[in-house]
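Asker: Sequence below, structure please.
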Amino acid sequence: MTTPNKPSSIAVYRKVLRWSAILAIAVAVIGSLVAGLLVGMNGVWSALVASAIGFGFAGVTVVILIIAVQLDTIYFFATILFGWLLKFVLFMVVLWFVRDQAWIHPVALWACLVAALIGTLVVDVLCVLRARMPYVSDRARDQP
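Answerer: Down below sits the predicted model:
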């Protein structure tokens with residue numbers, strides 16, 4: 001028995017994950033420098049937390065897509081729905097925990113989080129636009 005080929009979209013998702021990690025590092029470094037100069041050590045911690053939240057949000061999405069794309073249609077949608085709910089709950093819990101911490105500067109956190117999220121959207125769009133994907137579905141090609 002032969003193993004089925006992996007969907008061609010996994011390469012695109014891995015590229016998105018790689019570039020999202022690079023973006024998170026850039027937001028952490030640049031955000032820490034700018035926020036550290038403007039508001040001190042609380043700004044540095046806020047930039048690092050925002051970068052981690054931004055990468056966590058993007059990373060969970062990509063990992064869930066890599067898992068889901070290999071499943072049957074009903075499990076694909078169930079995995080995506082569960083992943084979205086998981087992300088939403090985790091995002092709310094992290095923000096609830098972070099909001100009242102003394103070592104967080106709210107404006108620096110917000111600015112770096114917005115930069116990370118907009119950057120993630122740009123990464124997603126560029127990776128998908130530059131992807132070389134077949135016009136025919138992988139599933140349609142695998143069937144006899």
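
Asker: tell me the contacts of the closest residue in space to residue 63 that isn't next to it in sequence?
Answerer: Spatially, and ignoring its direct neighbours in sequence, residue 63 is nearest to residue 17 (7.4 Å; Cβ to Cβ, 6 or more residues apart in numbering). C-beta here means a position set from N, CA and C on the backbone, and glycine is covered the same way. By Cβ atoms under 8 Å, 6 or more residues apart in numbering, residue 17 lies in contact with 58, 59, 62, 63.

Asker: roughly how far apart are residue 17 and residue 26?
Answerer: Going from residue 17 to residue 26 by Cβ to Cβ, to the nearest Å gives 15 Å.

Asker: Kindly report the same for residue 8.
Answerer: 28 Å.

Asker: Now do the helices in the chain.
Answerer: 9-39, 41-68, 73-98, 106-129, 138-142 (DSSP state H).

Asker: Pick the most buried one from those.
Answerer: Greatest average neighbour count among the helices of the chain goes to helix 41-68 (a mean of 20), per mean count of other Cβ atoms under 10 Å.
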